[in-house]
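J.: Sharing a model prediction with you, sequence too.
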Amino acid sequence: METNLTISQLFLLHFGCRYFLIHLTVVNKTRLDTIKVLAGVLVAIAVIPQACSGWKPDQKEESNMTNTPARVSLASEVDANYTQLQNLLTARRYKEADQETTRMMLFVARREKEGWLDTKAIGSFPCQDLRTIDQLWVQNSNGRFGFSVQRQVYNQVGKDLVKFADQVEWRVYGAWKNYDELMDEEIEKAPQAHLPIESFIWELASPLGIWAGVEWGTLFSRVETCKM
């Protein structure tokens, strides 16, 4: 008489692709068909971890790609190198970044000898370079700083420089701050659109601010023309 097969537990599969717990208890003689079943199970168990191990890294890589912000293009129409400005902004060294912005804009406009930008230079400033500088500021300040951000605030207050200066705290109680006062503050807590300040404009305008209005108006107009 043939002895009956008893399988108390064929297998217990715990998903997670790392741990597979299999309990097999075979009593007496194993049937041929059971051997075939077990062989199929073992093949499946061998394939599943490989499939999972091949899937998880792809999922992680996709997640990293989603969470990593795109890097700003450092393109320039005049072969300007914006690496230093990028490094300063990435490190949140805003005062140094503002001064580097001034240096780069003078270089791009070929006004390093003069040390400031006139209306003509600002009005014809290369759009690609203006966009690169702006995007470096925007991305490294969580959208709080940059020429395009300043233009939005400027438009919101009716393109009035005095109201704009009050909004971004370049003026306090009707008094214009000098450049050092503006940059000595806790920049991380500064209001939206506070930076960049552009020392080449500010040094010429301080403390009156009247002449600066012409240059800032020209700069914001250029930002709009460049569709930023």
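T.: Nice, thanks for sending it over.
J.: where does the chain have its least confident helix or strand?
T.: The weakest-scoring helix or strand in the chain, judged by mean pLDDT, DSSP states H and E, is strand 26-27 (a mean of 40).
J.: got the contact list for stretch 92-104?
T.: Applying Cβ atoms under 8 Å, 6 or more residues apart in numbering, the contact partners of stretch 92-104 are 80, 82, 84-85, 88-89, 129, 133, 137, 140-141, 145, 183, 187-188, 195-200. (Glycine included, C-beta is placed from N, CA and C.)
J.: and stretch 111-124, average pLDDT?
T.: What stretch 111-124 shows for mean pLDDT is 89.
J.: And for stretch 95-106?
T.: Summarised as a single mean, pLDDT over stretch 95-106 is 94.
J.: where does the protein have low pLDDT?
T.: 1-70, 185, 199-214 (pLDDT under 70).
J.: Helices of that one, residue ranges please.
T.: In the chain, helices defined by DSSP state H lie at 32-67, 83-90, 94-108, 119-123, 127-139, 147-156, 161-167, 179-184, 199-205, 210-225, listed in chain order.
J.: one step back: which of the contacts of stretch 92-104 count as buried?
T.: Among the contacts of stretch 92-104, the ones that count as buried by 16 or more other Cβ atoms under 10 Å are 80, 82, 85, 88-89, 129, 133, 137, 140-141, 145, 183, 187, 195-200.
J.: and residue 147, what is it in contact with?
T.: Residues counted as contacts of residue 147 (Cβ under 8 Å, 6+ apart) are 130, 133-134, 137, 196, 219-220, 223, 228.
J.: run the last query once more with 6 Å
T.: Remark: with contacts taken as Cβ atoms under 6 Å, 6 or more residues apart in numbering, residue 147 is in contact with 134, 223.
J.: That one and residue 136, how far apart?
T.: 11 Å (Cβ to Cβ, to the nearest Å).
J.: Next: residue 218.
T.: For residue 218, the distance to residue 136 under the criterion Cβ to Cβ works out to 21 Å.
J.: Quick check on the two: which one has the bigger neighbour count.
T.: residue 136 (27 against 19; other Cβ atoms under 10 Å).
J.: so what's the more buried one up against?
T.: 72, 85-86, 89.
J.: Which members of the residues you listed are the farthest-apart pair?
T.: The most widely separated members of the contacts of residue 136, counting by Cβ to Cβ, are 72 and 85 (10.1 Å).
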